[in-house]
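Q: Give the three-dimensional model of this entry:
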Amino acid sequence: MRMNRLLSDEERQGIVELYKCGVKVRHIMEKYGCCRKTVYDVVNRALVTPVCYRRTKHSIVYPNIERWMIENNMSIRSLSKLCGKSHVCLWRNLVGETSPQLETCTQICNATGLTFEEAFQRAE
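A: Numbering: from 1, shown residues only. Reported below is the predicted structural model:
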């Protein structure tokens, strides 16, 4: 069993595919040299909607940013690290509590690869 080694993206994808095909967790553990918890962590991260997207009280008001975050399995906290911003401030911007400053908009566009118009188009 490999200890203290990060799995590559290909290995994580392989674990998820094997799990989806019904391969026993024990066999996946042996193939990738990892523990049971690692297998379940990888599968849960890939297949379960993150808690931050289950909120119903507050939702992100910019659908293209939200779509990008879901496609890239990115939480607001993770996006805030990419942008170099506080996750609380970024959350307030994304749910519409406050308007983002131009610098924040630029950092979000740089991190996501979306144009300004794509990123900050509001939900109808």
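Q: use CA for all of it now, contacts and neighbours both
A: Fine.
Q: Return the helix or strand in the chain with minimum mean pLDDT.
A: In the chain, the helix or strand scored least confidently by mean pLDDT, DSSP states H and E is helix 36-47, which has a mean of 87.
Q: Name the SS class of Pro100, please.
A: For Pro100, the secondary-structure state derived from DSSP: H, G, I helix; E, B strand; the rest coil is coil.
Q: Do you know the pLDDT at the residue nearest to it when sequence neighbours are not counted?
A: Distances taken as C-alpha to C-alpha, 6 or more residues apart in numbering put Asn93 closest to Pro100, at 5.3 Å, once the chain neighbours are dropped. At Asn93, the pLDDT value in this model is 93.
Q: Buried ones in the helix or strand encompassing Asn93, by neighbour count?
A: Assigning secondary structure by DSSP states H and E places Asn93 in helix 87-94. Buried residues in helix 87-94, defined by neighbour count with 16 or more other C-alpha atoms under 10 Å: His87, Leu90, Trp91, Asn93, Leu94.
Q: Excluding its own residues, what touches the helix or strand following that helix? List them.
A: Next along the chain after helix 87-94, taking DSSP H and E as the criterion, comes helix 102-112. Under the contact criterion C-alpha atoms under 8 Å, 6 or more residues apart in numbering, helix 102-112 has outside partners Ile65, Trp68, Leu79, Leu82, Cys83, Gly84, Lys85, Thr115, Phe116, Ala119.
Q: what do you get if the cut-off is 7 Å, keeping everything else the same?
A: For helix 102-112, the surrounding residues in contact (C-alpha atoms under 7 Å, 6 or more residues apart in numbering) are Leu82, Cys83, Thr115, Phe116, Ala119.
Q: and those as CSV, adding pLDDT, neighbour count and distance to Tyr19?
A: Formatted as CSV, the entries for the contacts of helix 102-112 read as follows, by pLDDT from 0 to 100; neighbours: other C-alpha atoms under 10 Å; distance: C-alpha to C-alpha, whole Å:
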residue, pLDDT, neighbour count, distance to Tyr19
Leu82, 93, 14, 30
Cys83, 93, 21, 34
Thr115, 96, 13, 37
Phe116, 95, 13, 39
Ala119, 95, 20, 34
